[in-house]
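Colleague: Give me the fold of what follows.
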Amino acid sequence: QVQLVESGGGLVQAGGSLRLSCAASGRTFSNYAMGWFRQAPGKEREIVALISRSGGSTYYADSVKGRFTISRDNAENTVYLQMNSLKPEDTAVYYCAAGKSMVPATSWYNYWGQGTQVTVSS
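Modeller: Coordinates of the predicted model:
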């Protein structure tokens, strides 16, 4: 089992920045690819960014490329999402998740955090 706890969400104006953190405990963190996902009201959960087990490879949704950066610290068992130039359409609950490989499919990720709300005002 892997336990994941997100933090760092909040209310920010358009154009602002937030940094989300996801602390992991349980099994060896470096054995898992990690991802950030989001779900807005009335919409399906979608991939935001993924990072490989070593941190050497990343994947971004087209909607966040150039604005968001995913990173991880395997010594601290933490994955981050730096979000810059935020837009109102980024408003959603953001979840981190762990999976065995960096596959761009939500169903591939077995362990999920409880989510943190990000609200971007216009």
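Colleague: Quick one: mean pLDDT for stretch 60-67?
Modeller: Confidence for stretch 60-67, expressed as mean pLDDT, is 98.
Colleague: scratch that, stretch 38-50
Modeller: When pLDDT is averaged over stretch 38-50, the result is 97.
Colleague: which ones are touching the spatially most central residue of the chain?
Modeller: Nearest to the geometric centre of the chain sits W36, at 2.1 Å (C-alpha atoms, centre = their mean). Shown in contact with W36 (C-beta atoms under 8 Å, 6 or more residues apart in numbering): 20, 22, 48-50, 68, 70, 79, 81, 94-97. Heads up, the C-betas are built off the backbone N, CA and C, glycines and all.
Colleague: how much space between M83 and V118?
Modeller: According to C-beta to C-beta, to the nearest Å, M83 stands 7 Å off from V118.
Colleague: Pick out whichever of the two has more residues nearby.
Modeller: Using other C-beta atoms under 10 Å as the criterion, M83 and V118 rank with M83 on top: 26 against 22.
Colleague: distance of that one from G115?
Modeller: 15 Å.
Colleague: related to what we said a few turns ago, which one among the contacts of W36 gets closest to N31?
Modeller: Checking the contacts of W36 against N31 with C-beta to C-beta, the nearest one is V79 at 13.4 Å.
Colleague: Identify the residues contacting the closest one.
Modeller: 21-22, 24, 34, 36, 51, 70-73, 96.
Colleague: mind putting these in JSON lines, distance to S63 and secondary structure included?
Modeller: What follows is those, written out as JSON lines (distance: C-beta to C-beta, whole Å; DSSP: H, G, I helix; E, B strand; the rest coil):
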{"residue": "S21", "distance to S63": "21", "secondary structure": "strand"}
{"residue": "C22", "distance to S63": "20", "secondary structure": "strand"}
{"residue": "A24", "distance to S63": "26", "secondary structure": "strand"}
{"residue": "M34", "distance to S63": "19", "secondary structure": "strand"}
{"residue": "W36", "distance to S63": "13", "secondary structure": "strand"}
{"residue": "I51", "distance to S63": "17", "secondary structure": "strand"}
{"residue": "I70", "distance to S63": "14", "secondary structure": "strand"}
{"residue": "S71", "distance to S63": "19", "secondary structure": "strand"}
{"residue": "R72", "distance to S63": "21", "secondary structure": "strand"}
{"residue": "D73", "distance to S63": "26", "secondary structure": "strand"}
{"residue": "C96", "distance to S63": "18", "secondary structure": "strand"}
